[in-house]
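Participant: Provide a 3D model corresponding to the input given below.
(one chain, ligands or ions: 3)
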Amino acid sequence: QPLAPQGPFDAIVHKLSDVIVEADEIPPLSFTLQTYVSTHPSTVLLDPLPAMTRLLDRFASYRIMSKLHNSLRDWRICSPPYLEVHRASDLPSIQQAVMAQGLSFPLICKTRVAHGSLSHEMSLIFSAGSLADIHPPCVLQSFVNHGAVLHKVFVVGDKHFCVERPSLKNFPSRKTIFFNSHQVSKPESSSDLTALDEQMPCLPPPSSQAVDALVRELRVQLGMALFGVDVIINIHTHTLTVIDINIFPGYEGVPQFFSSLLNHIESVLDKQTSTTSSLKTTTGGPPAGL
Ligand SMILES: Nc1ncnc2c1ncn2[C@@H]1O[C@H](COP(=O)(O)OP(=O)(O)OP(=O)(O)O)[C@@H](O)[C@H]1O
Ligand SMILES: O=P(O)(O)O[C@H]1[C@H](OP(=O)(O)O)[C@@H](OP(=O)(O)O)[C@@H](O)[C@@H](O)[C@@H]1OP(=O)(O)O
Ligand SMILES: [Mg+2]
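Facilitator: Ligands and ions are numbered 1, 2, ... in the order given. Now for the predicted structure:
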């Protein structure tokens, strides 16, 4: 359906990540939406398409993650070392690149495309010889032992919420493990890949001030307000480690999600109204007759 006859819209909240990744329409829905917003500049798009589209590519989002340790140095926040593998090449070249990048085994192999059904197929690789199992384009990220607890930080505007989820446990060296991330870190996930033995000490949750600082920084870096950050705590160093960023996640386990979303929409629209009226004051408003 064309958008214009359905409007006017003050704001459009969208979750187009899957649609963009799996687009087979001409013109794609994202194009229709962007065209509408360009011709209706007072309509607010949550979140902006260019910012969101950038995060569909793990090469782009992991570069943003890798800069966090600089901007958030005071909080000892980091992300695991990783390597971008752009195309299939011979095993020795991949092994050499892994060594040169200083990556340590095991490595998690994730598809370059960050969203959509195929993007959750991953593998855990334990040795240089098993690098033959990867399917580029992909990222290879060092596995960080974290006691099998994932902290999902869900951001809605200027609020955020932390939810604990199961996560991959530490494995002794073995053959490559192929898994789907949704088997592992959904609220209902129950898997041998996450079941810890009882001697594993519990780690404290991430410091709330550090998470506040992380979210503040990412809002600016991403230019987005509806996103999720996946965080683990390194079992040896207790460092808060960012492993993934998600566009408009499911917010499962966040009871205040809907009211927070409404507050966010209201505050964006208030800002929009005050910008428009101050523009009218400074420019004297539209010329008479228009
Ligand atoms: N570097 C890492 N070290 C340790 N565990 C990791 C690492 N990266 C990912 N994992 C584990 O793998 C799971 C899936 O990783 P990731 O969040 O990147 O996948 P995803 O498909 O993008 O998932 P989602 O979209 O639900 O966030 C994590 O929840 C965590 O259990
Ligand atoms: O909502 P969708 O079905 O699109 O799935 C998204 C899923 O939300 P859900 O909770 O609603 O399943 C998110 O999980 P949480 O971080 O919130 O746990 C996260 O996995 C996204 O990456 C998924 O988007 P996809 O990568 O598949 O495009
Ligand atoms: Mg993700």
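
Participant: please make it C-alpha for all contacts and neighbour counts, starting now.
Facilitator: Noted.

Participant: low-confidence stretches in the protein?
Facilitator: 24-27, 197-199, 279-280, 282-290 (pLDDT under 70).

Participant: switch to 80 and redo it
Facilitator: The model of the chain has pLDDT under 80 over residues 1, 23-28, 196-202, 275-290.

Participant: select the longest helix from it.
Facilitator: Of all the segments assigned as helix in the chain under DSSP state H, the longest by residue count is helix 257-283.

Participant: now for that one, which elements pack on it?
Facilitator: strand 149-156 (3 or more Cα pairs under 8 Å, 6 or more residues apart in numbering; DSSP states H and E).

Participant: not counting sequence-adjacent ones, nearest residue to residue 253?
Facilitator: residue 163 (6.6 Å; Cα to Cα, 6 or more residues apart in numbering).

Participant: to clarify, my last question referred to residue 30.
Facilitator: Closest to residue 30 by Cα to Cα, 6+ apart is residue 20, at 6.7 Å.

Participant: the one you found is in what secondary structure piece?
Facilitator: Taking DSSP states H and E as the criterion, residue 20 maps to helix 17-21.

Participant: that helix vs ligand 1: in contact?
Facilitator: No: against ligand 1, helix 17-21 shows no contacts by Cα under 6 Å from any ligand atom, the least distance being 11.3 Å.

Participant: show me which positions of that helix end up buried.
Facilitator: Buried positions in helix 17-21, judged by neighbour count with 16 or more other Cα atoms under 10 Å: 17, 20-21.

Participant: kindly report the same for stretch 139-158.
Facilitator: Within stretch 139-158, the residues scored as buried using 16+ other Cα under 10 Å are 139-157.

Participant: and stretch 221-237, by the same measure?
Facilitator: 222, 224-233, 235.

Participant: next one: stretch 200-218
Facilitator: Using 16+ other Cα under 10 Å as the test for burial, stretch 200-218 gives 206, 210-211, 214-215, 218.

Participant: next, count neighbours for the residue in the stretch 151-290 of the chain positioned nearest to ligand 2.
Facilitator: Across the stretch 151-290 of the chain, the shortest distance to ligand 2 (Cα to the nearest ligand atom) belongs to residue 250, at 3.4 Å. For residue 250, the neighbour count with other Cα atoms under 10 Å is 12.

Participant: dump the residue contacts of it.
Facilitator: Taking Cα atoms under 8 Å, 6 or more residues apart in numbering, we find residue 250 in contact with no residue.

Participant: Three-state assignment for it, please.
Facilitator: Secondary structure state of residue 250, per DSSP: H, G, I helix; E, B strand; the rest coil, is coil.

Participant: now do the helices in the protein.
Facilitator: Using DSSP H, helices in the chain cover 17-21, 29-39, 49-54, 58-66, 68-71, 91-100, 181-184, 208-222, 257-283.

Participant: how about the residues of the stretch 101-250 of the chain by ligand 2?
Facilitator: 115-117, 186, 246, 249-250.

Participant: now with 8 Å, please.
Facilitator: 114-117, 119-120, 152, 154, 181-182, 185-187, 228, 230, 246-250 (Cα under 8 Å from any ligand atom).

Participant: what's the neighbour count on the residue of the stretch 1-150 of the chain found nearest ligand 2?
Facilitator: Going by Cα to the nearest ligand atom, ligand 2 is nearest to residue 115 of the stretch 1-150 of the chain, at 3.4 Å. Counted with other Cα under 10 Å, residues neighbouring residue 115 total 21.

Participant: in strands, which of the buried residues of stretch 221-237 appear?
Facilitator: 226-233 (DSSP state E).

Participant: I'd like the residues you listed laid out as TSV, including distance to residue 31.
Facilitator: Conversion of those to TSV gives the following (distance: Cα to Cα, whole Å):
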residue	distance to residue 31
226	20
227	21
228	25
229	27
230	29
231	33
232	36
233	40
